[in-house]
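K.L.:
Test case, fold it:
(one chain, ligands or ions: 1)
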Amino acid sequence: MDNQLQLDAIQKSIIDDGITPELATSATQLVFGDGNPESQIVIVGEAPGKQEDLQGKPFVGASGKFLNEMLQMIDLKREDIYITNIVKYRPPENRDPKPDEKKAFLPYLQRQLEVIKPKILITLGRHSLNCFLPDLQISKVHGQPKRVSLSLKEGSEDTFTVVILPLYHPAAALYNPLQRQTLIDDFAQIPLLLSKIT
Ligand code: URA
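P.N.:
Predicted structure coming up:
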């Protein structure tokens with residue numbers, strides 16, 4: 001089955017399985033993912049915000065605009081990458097996602113990655129980083145690629161190898177000039193990193 005069809009099936013299963021019913025009720029819609037289902041690069045953010053909730057696509061608000069600008073700087077377009085979030089419904093008032101919400105969505109994120117099998121997994125912000133590498137601090141490891149073996153299903157020995165590039169979240173960097181430049185500099189490594197591992 002082609003990747004898009006498999007992703008569509010995962011999207012449907014989130015609804016059928018009734019994941020995070022409270023968030024599902026307060027949100028306008030599920031924000032599953034967007035972009036190229038065959039991409040070598042997957043970007044994982046935290047959770048949809050207001051614009052994402054209204055439009056049904058990840059990173060279409062202010063953070064998304066900044067992300068698009070950084071992609072442009074390295075000659076990539078949104079259509080070249082695949083982008084999603086850990087939590088796929090907007091938390092009320094944009095509060096941080098709760099641990100049980102992140103846990104509930106993790107198997108679906110793992111299934112998305114299993115389908116796409118990216119070479120690079122870019123985590124935006126601490127929630128996304130800690131979902132894959134729980135012991136690391138974003139302020140210490142941002143911009144440092146880490147080759148990891150990700151297990152795909154809970155309890156299974158199935159793994160695949162991916163390079164995780166931890167980056168600051170564009171929302172945090174938007175209003176902090178120092179972090180903004182750090183994020184731009186970290187982002188600029190992506191083409192070289194990609195050329196080394198493909
Ligand atoms: N912030 C995120 O983490 N994800 C989005 O989709 C939008 C803003």
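K.L.:
Return the residues in contact with T28.
P.N.:
With contact set as Cβ atoms under 8 Å, 6 or more residues apart in numbering, T28 has these partners: 53-54, 56, 90. No exception for glycine: its C-beta is placed from N, CA and C like everyone else's.
K.L.:
need the helices for this structure, in chain order.
P.N.:
Using DSSP state H, the helices found in the chain span residues 3-16, 21-26, 50-55, 62-73, 99-116, 125-132, 138-141, 170-174, 177-187, 190-197.
K.L.:
thinking again about what came up before, mark which of the contacts of T28 are buried, thanks.
P.N.:
The neighbour count (16 or more other Cβ atoms under 10 Å) marks 53, 90 as buried among the contacts of T28.
K.L.:
Same list (the contacts of T28) but as CSV, adding distance to the ligand.
P.N.:
Formatted as CSV, the contacts of T28 follow (distance: Cβ to the nearest ligand atom, whole Å):
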residue, distance to the ligand
D53, 9
L54, 12
G56, 11
R90, 9
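K.L.:
Redo the contacts of T28 as JSON lines? Include distance to R126 and pLDDT.
P.N.:
Supplementary listing: those in JSON lines, determined by distance: Cβ to Cβ, whole Å; pLDDT from 0 to 100:
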{"residue": "D53", "distance to R126": "22", "pLDDT": "98"}
{"residue": "L54", "distance to R126": "26", "pLDDT": "98"}
{"residue": "G56", "distance to R126": "25", "pLDDT": "98"}
{"residue": "R90", "distance to R126": "19", "pLDDT": "98"}
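K.L.:
show me the residues around the spatially most central residue of the chain that make contact.
P.N.:
Centroid-nearest residue in the chain, with Cα atoms, centre = their mean: V44, separated by 0.8 Å. When contacts are counted by Cβ under 8 Å, 6+ apart, V44 touches 83-86, 109, 121-124, 128, 131.
K.L.:
L76: which of the contacts of T28 is nearest?
P.N.:
G56 (22.4 Å; Cβ to Cβ).
K.L.:
Test my guess that the closest one contacts Q11.
P.N.:
No. Judged on Cβ atoms under 8 Å, G56 makes no contact with Q11 at a distance of 10.8 Å.
K.L.:
Now do the shared contacts for these two.
P.N.:
Overlap of the contact sets of G56 and Q11 (by Cβ under 8 Å, 6+ apart) consists of L30.
K.L.:
Not counting its neighbours along the chain, what's nearest R90?
P.N.:
Distance criterion Cβ to Cβ, 6 or more residues apart in numbering; nearest residue to R90, sequence neighbours excluded, is D53 at 3.8 Å.
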